[in-house]
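Asker: Please find the sequence and the predicted model below.
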Number of protein chains: 2
Amino acid sequence: MQKHNFNSGPSILPQTVIEQAAAAIKDFNGIGLSILEIGHRTKWFMDIMEEARHLVKQLMNLDDNYEVLFLHGGASTQFMQVPYNLLDQNKTAAYCNNGIWGSKGIKEAKLFGNVHVASSSADKNHSYIPKELSIPGHAVYLHYTTNNTVEGTQWHHIPATDTPLVSDMSSDIFSRDLDFKKFSLIYAGAQKNMGAAGVNLVVVKKDILGKVNRPIPTILDYRQHIASDSLLNTPPVFAVYVSLLTLRWIISEGGLNVMAQRSTERARLLYSTLENLPLYTLPVATEDRSEMNIVFIIKDASLEKLFLQECETHGMVGVKGHRSVGGLRVSMYNALPLSSVQAFCDLLKDFSEKHG
Amino acid sequence: MQKHNFNSGPSILPQTVIEQAAAAIKDFNGIGLSILEIGHRTKWFMDIMEEARHLVKQLMNLDDNYEVLFLHGGASTQFMQVPYNLLDQNKTAAYCNNGIWGSKGIKEAKLFGNVHVASSSADKNHSYIPKELSIPGHAVYLHYTTNNTVEGTQWHHIPATDTPLVSDMSSDIFSRDLDFKKFSLIYAGAQKNMGAAGVNLVVVKKDILGKVNRPIPTILDYRQHIASDSLLNTPPVFAVYVSLLTLRWIISEGGLNVMAQRSTERARLLYSTLENLPLYTLPVATEDRSEMNIVFIIKDASLEKLFLQECETHGMVGVKGHRSVGGLRVSMYNALPLSSVQAFCDLLKDFSEKHG
């Protein structure tokens, strides 16, 4: 049975990426060795790292004021690494508290300096994005999560401020074009729109670094990684390679604008289907809905279990909501074909007819 | 042409592991999804993590006083994470300075507390392992690197001390049986004897934790990882799976004693060949030679380039010494067949006859 993969992360990858990755495990580029068996200081791997860094800069249209790093870990690592590098003990950073991931970032930042909460949507279970921000003039950066994977909200604008912007883009990176030059630091765990779990993309504007007084452990210091071209220690070789394959795929499909068109098309189809079926409720404010993670509720909660069984019967995986909020959630990343969304909409309708 | 893989890391893996890993990329266990596409909180992955942790405990013969974690990063991450968790600012840890990796560990530990150098082999370019250690009575732990990948030395005994032992076993983990219960913390980057780059094995005796006063960022706190069964954040899913496959392979081959027999056999063959050919010099003290990384020199250094060309011609990769020390190095991890060592010995003899 064909599977429809709505996992929130790790999640669906393009079929061509999967095939190329599997081939490279057996024999990388015909060299007679697996990609798992080659040193990271071989020309083979250094070319991979170089191309991956270059393609990120190309997709983001960034100049040499920016550096691209592929680091171990995921966004949870960056929650700590960002303030370690940017926030001095007696300084203040502004954070938007728009969901579970942003609040985790706040918790870690407080270990390093002062945190000013610039906005919070906690009053309505993080079901919207506050538009008014309170940013102290002395804040060294403003941190926000561009897409809230758990709550299903997404920023559809970039905050207008002179404060340097730091963003967790883990769950919507490369799903749309943005004016990336407006950001001073962008990070993203790869396992949603960009590759496999085990690698972090960090894009950093160099002028934001070197301003804290604390000593930074070598492996956590962005400057050390920059100085060694993201080869400070053994990188997660295979995960970087899968990111490269995905970046190549994005470009070969037509780039970020094509990704954005497809994303909008998927989201329109699913949201309009849900809106037209009274069995279901959409808890998120219309203007702040995520195109990546669609959160919805069956009004009669007793039907939820049955609905999930129907999903399983139809090969649809990853539909259950995050364990912290419950309900239902469908994640629709770059690699998800419209046909999977259509199949899910058909199921929504069928289920509604039977139980509505 | 068949390749002989003498890479120092990432390095050779068992062929069966490579085949199983490639198959799982295409379709994991017949579920219709790639291992790269499944969530880490699915039963599919939680079973992988659980089995991997269990097999490590089984191979090391450890009881429930120990916890096994698979964490992001490599040994370079642990250089910082170990003192973050174990060494208070006003306390002292003892470190053996036996090579490049140990000295990097010392550098990071100094950011967190006092470091007492218990032994140093710097006087002879780290070509031996000092047997006398100076360990202050108040030292909170003694750190040493069981095998020095770069310099080609290996500890063939466990230091006799009441001070808790902390060891970097990155390059000889699971190549021999040890009394692992003598250690309070063991860590190893997986990319030599245990799997692919991008994951760290950390084995920790619980009673050594919780004794520092500093706040520890969540993602760096061993206790947080223990509390969530090594699923605190998205783990490096595929790298953990490759480790599991390798652990299964070790057990199916007969366990650590079989690995040790093969290791000793490979090392005897290569060292005895080198000893009998006057063209080559072995810089390491005989009793401290590593079975994993065999470092040697061609007396006439002008022949080195030609020798490396011969290696390339014969499909032998990874023979060049580490960039920090030069010379030549052959790494022989668990998965290396004796036939590769024999082929290399034949080349050593041929080259010696031509140029001796």
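Answerer: Nice, thanks for sending it over.
Asker: and A:Asn213, what is it in contact with?
Answerer: A:Asp88, A:Gln89 (CB atoms under 8 Å, 6 or more residues apart in numbering or on different chains). Glycine gets a C-beta too; all of them are placed from N, C-alpha and C.
Asker: got the domain boundaries for chain A?
Answerer: A:15-253, A:256-355 (automatic domain parsing).
Asker: how about the ones you listed, which one is nearest B:Ala109?
Answerer: Set against B:Ala109 and scored by CB to CB, the domains of chain A come closest in domain A:15-253, at 9.9 Å.
Asker: Please compute how far the closest one lies from its chain's middle.
Answerer: Centroid separation for domain A:15-253 versus its chain: 9 Å, with CA atoms, centre = their mean, to the nearest Å.
Asker: average pLDDT across that domain?
Answerer: Domain A:15-253 shows a mean pLDDT of 97.
Asker: And it, end to end?
Answerer: Start and end residues of domain A:15-253 are separated by 13 Å (CA to CA, to the nearest Å).
Asker: how many neighbours does the residue nearest to A:Ser184 when sequence neighbours are not counted have?
Answerer: What sits nearest to A:Ser184 in space, not counting adjacent residues and going by CB to CB, 6 or more residues apart in numbering or on different chains, is A:Pro164, at 3.7 Å. By the measure other CB atoms under 10 Å in any protein chain shown, the count of residues near A:Pro164 is 19.
Asker: how about stretch A:335-343, does it get close to chain B?
Answerer: No. Using CB under 8 Å from any CB of the partner chain, stretch A:335-343 never reaches chain B; the gap is at least 8.9 Å.
Asker: and that stretch, C-alpha only, in PDB?
Answerer: What follows is stretch A:335-343, C-alpha atoms only, in PDB (Å, rounded to 0.1, in the frame of the first residue of the first chain):
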ATOM      1  CA  ALA A 335       8.200  16.800  -0.700                       C
ATOM      2  CA  LEU A 336       4.500  16.100  -0.100                       C
ATOM      3  CA  PRO A 337       2.700  15.600  -3.400                       C
ATOM      4  CA  LEU A 338      -0.700  17.300  -3.800                       C
ATOM      5  CA  SER A 339      -2.200  13.800  -4.500                       C
ATOM      6  CA  SER A 340      -1.600  12.900  -0.800                       C
ATOM      7  CA  VAL A 341      -3.400  16.100   0.300                       C
ATOM      8  CA  GLN A 342      -6.300  15.200  -2.100                       C
ATOM      9  CA  ALA A 343      -6.400  11.700  -0.700                       C
END
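Asker: in it, what counts as buried?
Answerer: A:Ala335, A:Leu336, A:Pro337, A:Ser340, A:Val341, A:Ala343 (16 or more other CB atoms under 10 Å in any protein chain shown).
Asker: want to try TSV for these, with pLDDT and secondary structure as columns?
Answerer: Converted to TSV, the buried residues of stretch A:335-343 look like this (pLDDT from 0 to 100; DSSP: H, G, I helix; E, B strand; the rest coil):
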residue	pLDDT	secondary structure
A:Ala335	98	coil
A:Leu336	98	coil
A:Pro337	98	coil
A:Ser340	98	helix
A:Val341	98	helix
A:Ala343	98	helix
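Asker: Closest to chain B out of those?
Answerer: When the buried residues of stretch A:335-343 are compared for distance to chain B (CB to the nearest CB), A:Ala335 wins out at 8.9 Å.
Asker: ok, residues contacting stretch A:301-315?
Answerer: By CB under 8 Å, 6+ apart, the list of residues contacting stretch A:301-315 from outside reads A:1-4, A:279, A:298, A:317, A:319-320, A:327-328, A:343, A:347, A:350-351, A:355, B:32.
Asker: Relative to A:His4, how far out is the residue lying closest to A:Ile298 once chain neighbours are set aside?
Answerer: Among residues not flanking A:Ile298 along the chain, A:Glu304 sits closest, at 5.4 Å (CB to CB, 6+ apart). The spacing between A:Glu304 and A:His4, counted by CB to CB, to the nearest Å, is 19 Å.
Asker: For these two, indicate the residue with more neighbours.
Answerer: A:His4 (24 against 16).
Asker: how near is that one to A:Ile297?
Answerer: In terms of CB to CB, A:His4 sits 20 Å off from A:Ile297.
Asker: ditto for A:Gln58
Answerer: For A:Gln58 relative to A:Ile297 (CB to CB), the value is 41 Å.
Asker: Look at the two and report which has more neighbours.
Answerer: A:Ile297 (17 against 12).
Asker: Show me what the helix or strand where the more buried one lies is packed against.
Answerer: Element membership for A:Ile297 (DSSP states H and E) is strand A:293-298. The contact analysis (3 or more CB pairs under 8 Å, 6 or more residues apart in numbering or on different chains; DSSP states H and E) places strand A:293-298 against helix A:256-275, strand A:280-281, strand A:328-331.
Asker: Contacts for that strand next, please.
Answerer: Contacts of strand A:293-298 (CB under 8 Å, 6+ apart): A:8, A:147-152, A:171, A:267, A:270-271, A:274, A:279-284, A:304, A:307, A:321, A:325, A:327-332.
Asker: For PyMOL, what selects the buried ones among those residues?
Answerer: Here is the PyMOL command that picks out the buried ones among the contacts of strand A:293-298, judged by 16+ other CB under 10 Å:
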select buried, chain A and resi 8+147+148+149+150+151+152+171+267+270+271+274+279+280+282+283+284+304+307+321+325+327+328+329+330+331+332
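Asker: My read is that A:Tyr241 contacts A:Ala23, right?
Answerer: No. Taking contacts as CB atoms under 8 Å, A:Tyr241 lies outside contact range of A:Ala23: 11.2 Å.
Asker: more neighbours, these two?
Answerer: Each of A:Tyr241 and A:Ala23 has its neighbours counted (other CB under 10 Å); A:Tyr241 has more, 28 against 16.
Asker: Give me the distance between the more buried one and A:Glu50.
Answerer: A:Tyr241 is 12 Å from A:Glu50, by CB to CB.
Asker: who touches both of those two?
Answerer: Joint contacts of A:Tyr241 and A:Glu50 (CB under 8 Å, 6+ apart) do not exist.
Asker: Please give me every residue in contact with the closest residue to A:Ile12 other than its chain neighbours.
Answerer: Leaving out its chain neighbours, the residue that sits closest to A:Ile12 by CB to CB, 6+ apart is A:Asn5, at 4.0 Å. By CB under 8 Å, 6+ apart, the contact set of A:Asn5 is A:Ser11, A:Ile12, A:Val317, A:Gly318, A:Leu336, A:Ser340, B:Leu33, B:Glu37.
Asker: Which members of those occur in strands, if any?
Answerer: A:Val317 (DSSP state E).
Asker: from the contacts of A:Asn5, which would you call buried?
Answerer: A:Ser11, A:Ile12, A:Val317, A:Gly318, A:Leu336, A:Ser340, B:Leu33, B:Glu37.
Asker: which other helices and strands contact the helix or strand encompassing A:Gln342?
Answerer: Using DSSP H and E, A:Gln342 maps to helix A:338-355. Identification of packing neighbours for helix A:338-355 by 3+ CB pairs under 8 Å, 6+ apart yields strand A:4-5, helix A:256-275, helix A:304-313, strand A:316-317.
Asker: Just say which of the domains of chain A is most tucked in.
Answerer: Comparing the domains of chain A by mean neighbour count (mean count of other CB atoms under 10 Å in any protein chain shown), domain A:15-253 ranks first with a mean of 20.
Asker: who in the stretch 101-250 of chain A is up against chain B?
Answerer: Counting by CB under 8 Å from any CB, the stretch 101-250 of chain A sits next to chain B at A:104, A:107-108, A:111, A:189, A:191, A:195-199, A:215, A:217-220, A:232-239, A:242.
Asker: quick one, strands of the stretch 1-150 of chain A?
Answerer: For the stretch 1-150 of chain A, the strands defined by DSSP state E, counting those that start in this stretch occupy A:4-5, A:66-72, A:92-97, A:114-120, A:142-145, A:147-148.
Asker: Can you check what angle separates the fourth one from strand A:92-97?
Answerer: So that's strand A:114-120. Relative orientation of strand A:114-120 versus strand A:92-97 (axes from the mean of the first three to the mean of the last three CA atoms, to 10 degrees): 30 degrees.
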